[in-house]
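Student: What follows is a predicted structure for the sequence shown.
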Amino acid sequence: MEVAAQDPDIRGLFLQGMACAANTVNVVTTDGTAGRAGVTVSAMASVSADGDAPTMLVCVHHLAAAAQIILENGCFCTNILRDDQSFISDTFAGRLQTQDGDKFSCVDWTPMKTGAPRVRDPLTAFDCLVKSSERVGTHYVFIGEVQDIFVATGGSPLIFANRMYGSPVTISPPRKQRAEHDTLKIGSLHTFGPYLLPSIIRKLEDEVGPIDLDLHEGDQRHLLELLRAGTIDLAFVYDLDLGSDVTALTVSELPTYVLLPENDPLAHNASVALADLVDRPMVLLDASPSRDYFLSMFASVGDPHVAYRAGSFEMVRGMVAHGLGYSLLATKPASAMSYDGKALVTRPLADTVETTSLVLSQRRNVQLSKSTEAFVWHCMQIFGLDMDCALAETHPRSTGAENDIFIGGTVCRDRHVRCGSLIIVTGGRRQVRLCSRRRRGGCQPEHHRPATGNARACTDGNRRQCRTGHRGAAKLQRLHRISPGAGRRQ
């Protein structure tokens, strides 16, 4: 049988495909007559729980010093790391160096039954005698008979996928029915959550009373994963890389500004140009998507000099306050002080750059609970958003998506709300709005009764009652004109 020549790109595609696989991060160690050694691996799996002893396998590159030492010692211990032990993985992968040059000095160890060292507090560890070994390609495949096992009482595994560390997220099964008063499950980016959510929650509690809140904070990738998994119902995120399965309501634009220490010479300028920053040390907010967004602004002036990276918003502010560099940020706290009392100065960018927006996102085509609907409407009131503008944004007319659900309602061809479950909370009372299509089978030009601070008026303007018998309003935030007989807001 003739074997076809291997596709020259198959190796690259194989590595790309395997990078998508999520694996636990493991440090395989050994000790004995040949000495002590260890190496980080992701290729680990059980073989069988039955037989004379349970068996498992690990794969170790043949050039790794640990490979030959495992063969000679005839034993190994597979340490499955917790999600807060990535430093151990980096040390045994050679990405971090200990002060004395000994990898094992990065953490405390204890010997297992075979003599192979175990991390003192891993998630779990399997102590094995080598049953068989075989070199396949560039790796030795070691089959081990398990002699001893350590299992921690708690913790989560450290996961490696898409060439980065992570931790598992519990995917809640969908519920067919929701309770009248359900848990409010909200997520927010850690950069602006502390400056946004407390006031919203306070106003919501003042309006409707105590609420059952499940609050999550994290970066954009983590929050979107929680949203898609159903762990949260709404997320305050940036309008970047949301995906077609997420619908979003823009609540505020977030212009980028320059953060400087108080004594920085640029602090005397009314605004600061990117060209004046590109060669200066930068303290980068190293969180997705802020990292790529801020770096992309320098495309026309050159690569910025990133001196420090920090994943915490307040760490960035603290480093800038101590004169370690400048930073670009979008969230602007009320205080001009760092945590330790150092003064900070903010200046607008002189360059015209693309502005990002803060959006309230949810999964498309998912019905929200009444408590979550109430939260959405309070956000719309707090940010001064109009219902029709919000519906137009989340349901563009060009899509023709009649059954696209947002905040509990559906939208007809003329963008009237026609779902009886759509709830507006005003003055503690729920008002249900129905489109005439639902009542009479066809949309007619119609105004909704005014809600607090958000009433609409027809072409007769500020009269208390227009010719069609709709109520006007004395206080208007927005006017929506209706062409007689057209049945559409313009």
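Tutor: Looks like it came in fine.
Student: give me the element residue 143 is part of.
Tutor: strand 139-151 (DSSP states H and E).
Student: how close does residue 111 sit to residue 150?
Tutor: According to CB to CB, to the nearest Å, residue 111 stands 12 Å off from residue 150. C-betas here are computed from N, CA, C, even on glycine.
Student: Looking at these two now, which is surrounded by more residues?
Tutor: Per other CB atoms under 10 Å, whichever of residue 111 and residue 150 has more neighbours is residue 150, with 19 against 12.
Student: counting contacts, what elements does the lengthiest helix in the chain pack onto?
Tutor: Using DSSP state H to define each element, the chain has its longest helix at helix 193-208. Judged by 3 or more CB pairs under 8 Å, 6 or more residues apart in numbering; DSSP states H and E, helix 193-208 is in contact with strand 184-189, strand 213-218, strand 234-238, helix 370-382.
Student: before we move on, the earlier item: partners of the strand holding residue 143 in the sheet?
Tutor: Under the criterion DSSP bridges, strand 139-151 sits next to strand 55-61 (antiparallel), strand 124-136 (antiparallel) in its sheet.
Student: Tell me which of the ones you listed sits most buried.
Tutor: strand 55-61 (a mean of 20; mean count of other CB atoms under 10 Å).
Student: buried ones in the helix or strand following that one?
Tutor: Proceeding N to C from strand 55-61, the next assigned helix or strand is helix 65-73, under DSSP H and E. The neighbour-count check on helix 65-73 (16 or more other CB atoms under 10 Å) flags 66-67, 69-71, 73 as buried.
Student: Closest to residue 326 out of the residues you listed?
Tutor: Ranked by distance to residue 326 (CB to CB), these are led by residue 66 at 44.2 Å.
Student: isn't that closest one right next to residue 60, touching?
Tutor: Yes - between residue 66 and residue 60 there is a contact under CB atoms under 8 Å: 6.0 Å.
Student: what is in contact with those two at once?
Tutor: 28, 39 (CB atoms under 8 Å, 6 or more residues apart in numbering).
Student: Distance-wise, check residue 162 relative to residue 296.
Tutor: 20 Å.
Student: okay, and the common contacts of residue 111 and residue 150?
Tutor: With CB under 8 Å, 6+ apart, residue 111 and residue 150 have common neighbours residue 118.
Student: What separation do you get for the nearest residue to residue 122 once chain neighbours are set aside and residue 118?
Tutor: Closest residue to residue 122 apart from its sequence neighbours, by CB to CB, 6 or more residues apart in numbering: residue 79 at 4.5 Å. Residue 79 sits 6 Å away from residue 118, taking CB to CB as the criterion.
Student: contacting residues around residue 135?
Tutor: Applying CB under 8 Å, 6+ apart, the residues contacting residue 135 are 62, 141.
Student: Same check on residue 318?
Tutor: 338-340, 342.
Student: Show me which of those residues are buried.
Tutor: 338, 342.
Student: pLDDT weak spots in this protein?
Tutor: For the chain, applying pLDDT under 70 flags the ranges 1-8, 170-182, 385-490.
Student: For the stretch 301-450 of the chain, just list every one of the strands.
Tutor: Under the criterion DSSP state E, counting those that start in this stretch, the stretch 301-450 of the chain contains strands at 305-310, 327-329, 344-348, 356-363, 423-426, 429-432.
Student: Can you add mean neighbour count and distance to residue 122 and give those back as CSV?
Tutor: Formatted as CSV, these follow (neighbours: other CB atoms under 10 Å; distance: least, CB to CB, whole Å):
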stretch, mean neighbour count, distance to residue 122
strand 305-310, 15, 28
strand 327-329, 23, 37
strand 344-348, 17, 41
strand 356-363, 20, 36
strand 423-426, 20, 50
strand 429-432, 11, 52
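Student: Nearest to residue 250, out of the ones you listed?
Tutor: strand 356-363 (4.9 Å).
Student: on contacts alone, who are the packing partners of the closest one?
Tutor: helix 220-229, strand 234-238, strand 246-254.
Student: so which of these comes closest to residue 375?
Tutor: Nearest of these (CB to CB): strand 234-238, 6.9 Å.
Student: can you redo the strands paired with strand 139-151 as JSON lines with distance to residue 41?
Tutor: Formatted as JSON lines, these follow (distance: least, CB to CB, whole Å):
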{"stretch": "strand 55-61", "distance to residue 41": "6"}
{"stretch": "strand 124-136", "distance to residue 41": "13"}
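Student: rewinding a little: need the strands of the stretch 301-450 of the chain in a markdown table (columns: distance to residue 17).
Tutor: As requested, the strands of the stretch 301-450 of the chain are exported to a markdown table (distance: least, CB to CB, whole Å):
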| stretch | distance to residue 17 |
| --- | --- |
| strand 305-310 | 29 |
| strand 327-329 | 36 |
| strand 344-348 | 45 |
| strand 356-363 | 27 |
| strand 423-426 | 46 |
| strand 429-432 | 51 |
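Student: Please report the distance of the nearest residue to residue 241 once chain neighbours are set aside from residue 221.
Tutor: The shortest distance from residue 241 to any non-neighbouring residue, by CB to CB, 6+ apart, is to residue 289 (6.3 Å). To residue 221, residue 289 is 8 Å away according to CB to CB.
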